[in-house]
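> Predicted model follows, preceded by the sequence.
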Amino acid sequence: MSANSWTIAAARDALRKGEISALDLTMSCLTAIDAGDDLNAFVHKTPEIALEQARAADQRIKAGNAPAMCGIPLGIKDLFCTKGVPSQAGSNILKGFKPEYESTVTTKLFGAGAVMLGKLNMDEFAMGSSNETSCYGNVVSPWRRKGSDVALTPGGSSGGSASAVAADLCLAATGTDTGGSIRQPAAFSGIVGIKPTYGRVSRWGIVAFASSLDQAGPMTKSVRDAAIMLGAMCGHDPKDSTSADIPVPDFEAALTGDIRGKVIGIPKEYRMDGMPAEIEALWARGIEMMRDAGAEVRDISLPHTKYALPAYYVIAPAEASSNLARYDGVRYGHRAKLTAGDGITEMYEKTRAQGFGPEVQRRIMVGTYVLSAGFYDAYYNRARKVRALIKRDFETVFEAGVDAILTPATPSAAFGLGEMSDADPIQMYLNDVFTVTVNLAGLPGISVPVGLDSQGLPLGLQLIGRPWDEAELLKCAHVLESRAGFVAKAEKWW
Amino acid sequence: MAIDIDTARKVAKLARIRVEEADLPKLAGQLSGILGFMEQLNEVDVTGVEPMTSVTPMRLKRRADVVTDGNIQAQVLKNAPDAREGFFAVPKVVE
């Protein structure tokens, strides 16, 4: 098995024992990346930076006491600002933008010795569930349906991250999640993805979509890797006023495998009409696995679940319309060519019409509308009240003793690229039906691959945890992972 | 609530996004569809519920009101599409 297909945990141990160098590990990923161009996952490759960081990591490892992430080659989602390296958020409006600063997350990861292989494709400004809104073109999943060569979506918005990790182009990747953008692509691609509690990971230097919902997290090949990498991404940051000043536990140490007596809630509202039988069966199997591991399974109710999606599609566009106002052709990125007589308003309007793709334009305009005078109370304020009720639903079940909640991660397996192109935007939004509630309530959520559908595509389950208790959540996820024993890999065609 | 073409034009103007007249009917249709989906929120009884303003109940951190950075004019202007003599340059704003 070549080194690029290793887990972080395996690579860490091999590096420490001197069985491989960070340089060789990095080289094996760079080779895999060059051979993986058909996936369109890496959109800005940074081999020079990677090799330099790998050499430095080897020095640190040799000196002893290197942190767990030292020498681990990663892909970085294009949403993270990386100094001197293109950071476009998958948008033409940021074409040519090379930040003069480094995001807090990448600063922490590089400080721990991690290696950056390049920037990963994503839906434009993280707005999408299939990676079809990117200025770089679609990302292709390494997975295919049995006996078919139809190109499938890896999910979105962190689709480049999911595809790259699933295809072993890197050991792990960073993702971000505003309504499901880590967990949905992780489920579609047969990998693990965790969205931490809001405030656990600094948002500084990450291009903002919806500031009250955005959180970064790791996308990895195992729950153990998620625990290791999350530990390196977390921590208080004075540059993000919503960053929590609380200690970061040793997440990996929490993976004891013992969840006896834990209460796992099964929310009845997640049993949607028209849910595919395979998703239903997968969920039932997951419930059995938790029960078999000694957990108490309890039926619970989260009565406002149905309203999460409409509330999200008011709040997220509202925040986006405000956050994306900064892209005006003045300070960075694209500026439209002007014709004689054009003033500053024409410059703004033409720049934004050319720079933003259709989905981003649509969401900015929805957000503009719901925040406009006369509609603010009817839409935005009402959505924020419903959001408070959704959060209260979760608080109520946690107060009643539930430790974690088990749900499906997605309403279906991955679909074909272009299959949804004629659907109205709301059909695409339904992908987030099981994941948005978690962002609205600010909770941690993790997607774990549990099985394959009849066409051979991965399906995942989601576990939702108490706020700030990623350690317990990871412990439950680790048990689910061990019991599910998911080992399938996409058959290499690229 | 259905969005008519005039409203779509107004929203595009407020958002500072140029939309051609020919594209307005499609935009109005899509916005109407999305807003129709949001109408479900009217089914919820929100009497006495405060709008959620912060995700975690926490007092935002404060710091001393002192200058912590600066003198990075070149870095600030580095990515500008048009910068001249230490400033961002834009089309004439004042006659």
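On my side now, so go ahead.
> Now do the strands in the chain.
Here I'm looking at chain A. Here chain A has its strands, by DSSP state E, at A:42-45, A:73-77, A:115-120, A:172-177, A:192-195, A:215-220, A:263-267, A:296-300, A:404-408, A:445-452, A:458-465.
> sorry, should have said chain B
Using DSSP E, strands in chain B cover B:83-84, B:87-88.
> Please name the nearest non-neighbouring residue to residue A:15.
Computed as C-beta to C-beta, 6 or more residues apart in numbering or on different chains, the closest residue to residue A:15 that is not its neighbour in sequence is residue A:71, at 4.9 Å. Where C-beta positions appear, they are placed from N, C-alpha and C, glycine not excepted.
> Residue B:34 now?
With sequence-adjacent residues excluded and distances taken as C-beta to C-beta, 6+ apart, residue B:34 is closest to residue A:366, at 5.5 Å.
> pretty sure that neighbour is in contact with residue A:310, am I right?
No. Under the criterion of C-beta atoms under 8 Å, residue A:366 is not in contact with residue A:310, lying 11.6 Å apart.
> separation between the one residue sitting closest to the centre of chain A and chain B?
Centroid-nearest residue in chain A, with C-alpha atoms, centre = their mean: residue A:182, separated by 2.0 Å. Taking C-beta to the nearest C-beta, to the nearest Å as the measure, residue A:182 falls 17 Å from chain B.
> And for residue A:409?
22 Å.
> Next, work out how far apart the residue in the stretch 1-150 of chain A that chain B sits nearest to and residue A:87 are.
Per C-beta to the nearest C-beta, the residue of the stretch 1-150 of chain A with the smallest distance to chain B is residue A:100, at 4.2 Å. Per C-beta to C-beta, to the nearest Å, residue A:100 is found 11 Å from residue A:87.
> Tell me which of those two has more neighbours.
Higher neighbour count among residue A:100 and residue A:87: residue A:87, with 25 against 15, using other C-beta atoms under 10 Å in any protein chain shown.
> pLDDT value on the more buried one, please?
Note for residue A:87: predicted pLDDT of 98.
> Residue B:63 too?
In this model, residue B:63 carries a pLDDT of 85.
> Next one: it from chain A, what distance?
Residue B:63 is 7 Å from chain A, where distance means C-beta to the nearest C-beta.
> so how many other residues sit close to the nearest residue to that residue once chain neighbours are set aside?
With sequence-adjacent residues excluded and distances taken as C-beta to C-beta, 6+ apart, residue B:63 is closest to residue A:238, at 6.9 Å. Residue A:238 sits with 13 neighbouring residues when counted by other C-beta under 10 Å.
> In this model residue A:370 seems to touch residue A:376, though I could be wrong.
Yes. Under the criterion of C-beta under 8 Å, residue A:376 lies in contact with residue A:370, with a separation of 7.3 Å.
> ok, back up a step: so what's the residue nearest to the centre of chain A up against?
Residue A:182 makes contact with A:158, A:161, A:175, A:176, A:193, A:194, A:195, A:217, A:219, A:447, according to C-beta atoms under 8 Å, 6 or more residues apart in numbering or on different chains.
> For burial, what's the neighbour tally of residue A:242?
19.
> I'd like the average pLDDT over the top helix by length along chain B.
Taking DSSP state H as the criterion, chain B has its longest helix at helix B:24-38. The pLDDT scores in helix B:24-38 average 94.
> which secondary structure elements does it contact?
helix A:308-323, helix A:358-371, helix A:425-429, helix B:5-14 (3 or more C-beta pairs under 8 Å, 6 or more residues apart in numbering or on different chains; DSSP states H and E).
> Throw the ones you listed into TSV and include mean pLDDT, mean neighbour count and distance to residue A:442, thanks.
Formatted as TSV, the helices and strands packed on helix B:24-38 follow (pLDDT from 0 to 100; neighbours: other C-beta atoms under 10 Å in any protein chain shown; distance: least, C-beta to C-beta, whole Å):
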stretch	mean pLDDT	mean neighbour count	distance to residue A:442
helix A:308-323	97	25	12
helix A:358-371	97	23	20
helix A:425-429	82	16	20
helix B:5-14	97	17	30
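> can you put those in JSON lines and add distance to residue B:26?
Formatted as JSON lines, the helices and strands packed on helix B:24-38 follow (distance: least, C-beta to C-beta, whole Å):
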{"stretch": "helix A:308-323", "distance to residue B:26": "18"}
{"stretch": "helix A:358-371", "distance to residue B:26": "10"}
{"stretch": "helix A:425-429", "distance to residue B:26": "12"}
{"stretch": "helix B:5-14", "distance to residue B:26": "9"}
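> Contacts only, for residue A:172.
Taking C-beta under 8 Å, 6+ apart, we find residue A:172 in contact with A:8, A:72, A:74, A:75, A:165, A:218, A:219, A:220, A:221, A:225, A:229.
> Correct me if wrong: the fourth one contacts residue A:168.
Same thing as residue A:75. No. With contact defined as C-beta under 8 Å, residue A:75 does not count as touching residue A:168 (11.2 Å).
> List phi and psi for the residue nearest in space to the middle of chain B.
Residue closest to the average C-alpha location in chain B (C-alpha atoms, centre = their mean): residue B:15, at 6.9 Å. In terms of degrees, to the nearest 10, the main-chain angles of residue B:15 are phi -80, psi 0.
> Nearest spatial neighbour of it, chain-adjacent residues omitted?
The shortest distance from residue B:15 to any non-neighbouring residue, by C-beta to C-beta, 6+ apart, is to residue A:368 (4.3 Å).
> Ok, residue A:236 next?
residue A:245 (4.3 Å).
> try residue A:314
In space, residue A:314 is closest to residue A:383, 3.7 Å off (C-beta to C-beta, 6+ apart).
> tell me the contacts of the one you found?
By C-beta under 8 Å, 6+ apart, residue A:383 lies in contact with A:310, A:311, A:314, A:315, A:318, A:370, B:38, B:41.
> From the structure, what's the count of residues near residue A:13?
Counted with other C-beta under 10 Å, residues neighbouring residue A:13 total 13.
> On the pLDDT front, check it for me.
Per the predicted model, pLDDT is 97 at residue A:13.
> Wait, residue A:84 touches residue A:97, no?
No. If you go by C-beta under 8 Å, residue A:84 and residue A:97 don't touch, sitting 11.1 Å apart.
> So for those two, which sits in the more crowded spot?
Between residue A:84 and residue A:97, counted using other C-beta under 10 Å, residue A:97 has the larger neighbour count: 20 against 12.
> That one: what's it in contact with?
With C-beta under 8 Å, 6+ apart, residue A:97 has these contacts: A:86, A:87, A:88, A:332, A:333, B:79.
> picking up where we left off before, is it correct that the residue nearest to the centre of chain B is in contact with residue A:362?
No. Using C-beta under 8 Å, residue B:15 makes no contact with residue A:362, being 10.2 Å away.
> what residues are shared contacts of these two?
Common neighbours of residue B:15 and residue A:362 (C-beta under 8 Å, 6+ apart) do not exist.
> Just read off the phi/psi values of the residue lying closest to residue A:350 once chain neighbours are set aside.
Nearest residue to residue A:350, sequence neighbours excluded (C-beta to C-beta, 6+ apart): residue A:336, at 3.6 Å. The phi/psi pair for residue A:336 (degrees, to the nearest 10) reads phi -70, psi 150.
> give me the number of residues near residue A:336?
Neighbour tally, residue A:336, other C-beta under 10 Å: 19.
> looking at the strands of chain A, which is buried most?
strand A:192-195 (a mean of 33; mean count of other C-beta atoms under 10 Å in any protein chain shown).
> just to revisit the earlier point, what about the strands of chain A, which gets the closest to residue A:342?
Ranking the strands of chain A by distance to residue A:342, with C-beta to C-beta as the measure, places strand A:42-45 first at 31.8 Å.
> Counting by contacts, list what that closest one packs against.
Strand A:42-45 packs on helix A:22-34, strand A:115-120, helix A:159-166, going by 3+ C-beta pairs under 8 Å, 6+ apart.
> could I get the ones you listed as CSV with distance to residue A:467?
As requested, the helices and strands packed on strand A:42-45 are exported to CSV (distance: least, C-beta to C-beta, whole Å):
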stretch, distance to residue A:467
helix A:22-34, 35
strand A:115-120, 28
helix A:159-166, 25
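> Lovely, talk soon.
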